[in-house]
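>>> Got a sequence here, can you model it:
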Amino acid sequence: MNDPESLQLPYTRAMTSWLLFKEAVDDTLIIGLGGGSLARHLLYHFPECRLRAIEYRASVVKIARSHFGLPLDSRLKVIIDDAGAYVPQHAKTCVEKYSLILVDAFDVEGMAESIASLAFFDACKTLLKPDGILVINLWTTATMVFDSCLSWLQQVFNEKVLTLPVRNRGNMIVMAFNQDVPQFDMKALKVRAIELEQQYQIEFPIFLKDINKHNAYTLHKIITK
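Modelled structure (predicted):
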């Protein structure tokens, strides 16, 4: 309560791992608002960012504002809708493109069924800017859904995909990189991880170490050693 802009949950901290690969962010799409911690974090640290959040349940938005300090901010637009329908529909017009898409769409039953499809991830790619990154929270314990989502992401993003298991949790953070995201040098990333840890008080060196450990097949598509 004394530090409302910091991220307390291990998986939301891990979802900031995109900062290893992108210095700043402007237009961002958040799928699954929840308590609004990721939205608050972005609004606080990136004054130039513009956020659009898609949340299925209006009650969640009310609670995020009344109990979790989600601000009324002109940079944040919250839309009550099913992202499984909203994203493909807007991908057809492509009026807006995003530098970052964050997906964390769960309820008590698990991941929202409407977004667990190849078509959804293909639409997300269409909505990304050429150098954009998609970050999604998945559960490894939901084996069939996890395996399917990872396979679809690898297919849609031509295997430019990195996984980051959240230590001592069932979460798996997956990052998918659009075609114009450049390759990164591991030595430079290690330096950047230390700088980010000092700036945000988030364990970026551990994230980078685990990314290096768990992506033997796809690491070379994004990072050179």
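
>>> so where's this structure shaky on pLDDT?
Within the chain, the stretches with pLDDT under 70 are 1, 107-109.

>>> Strands of that one, start to end?
For the chain, applying DSSP state E gives strands covering 27-31, 50-55, 76-80, 98-103, 106-107, 110-111, 128-139, 161-165, 171-177, 184-185, 223-224.

>>> Show me what the fourth one is in contact with.
To tie it back to what came earlier, the one meant is strand 98-103. For strand 98-103, the surrounding residues in contact (C-beta atoms under 8 Å, 6 or more residues apart in numbering) are 15, 18, 22, 25-32, 38, 52, 83, 115, 124, 127-129, 131-137. Where C-beta positions appear, they are placed from N, C-alpha and C, glycine not excepted.

>>> What subset of those is buried?
If you count burial by 16 or more other C-beta atoms under 10 Å, the buried members of those come out as 15, 18, 25, 27-32, 38, 52, 83, 115, 124, 127-129, 132-137.

>>> Contact partners for residue 130?
Contacts of residue 130 (C-beta under 8 Å, 6+ apart): 178-180.

>>> what do you get if the cut-off is 10 Å, keeping everything else the same?
Each residue near residue 130 by C-beta atoms under 10 Å, 6 or more residues apart in numbering is listed here: 97, 178-181.

>>> next one: residue 26
With contact taken as C-beta under 10 Å, 6+ apart, residue 26 is in contact with 46, 48-51, 98-100, 129.

>>> Repeat that for residue 8.
Residue 8 makes contact with residue 37, according to C-beta under 10 Å, 6+ apart.

>>> before we move on, back to that, now which of the contacts of residue 26 would you call buried?
For the contacts of residue 26, buried by 16+ other C-beta under 10 Å: 46, 49-51, 98-100, 129.

>>> Tabulate the residues you listed in CSV, adding columns for distance to residue 89.
Below are those laid out as CSV (distance: C-beta to C-beta, whole Å):
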residue, distance to residue 89
46, 27
49, 24
50, 20
51, 19
98, 15
99, 21
100, 20
129, 19
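
>>> what's the closest of those residues to residue 200?
Each of those was checked against residue 200 using C-beta to C-beta; the closest is residue 46, at 11.7 Å.

>>> In this structure that closest one contacts residue 24, no?
Yes. Assessed by C-beta atoms under 10 Å, residue 46 is found in contact with residue 24 at 6.0 Å.

>>> residue contacts, residue 185?
Contacts of residue 185 (C-beta under 10 Å, 6+ apart): 191-192, 223-225.
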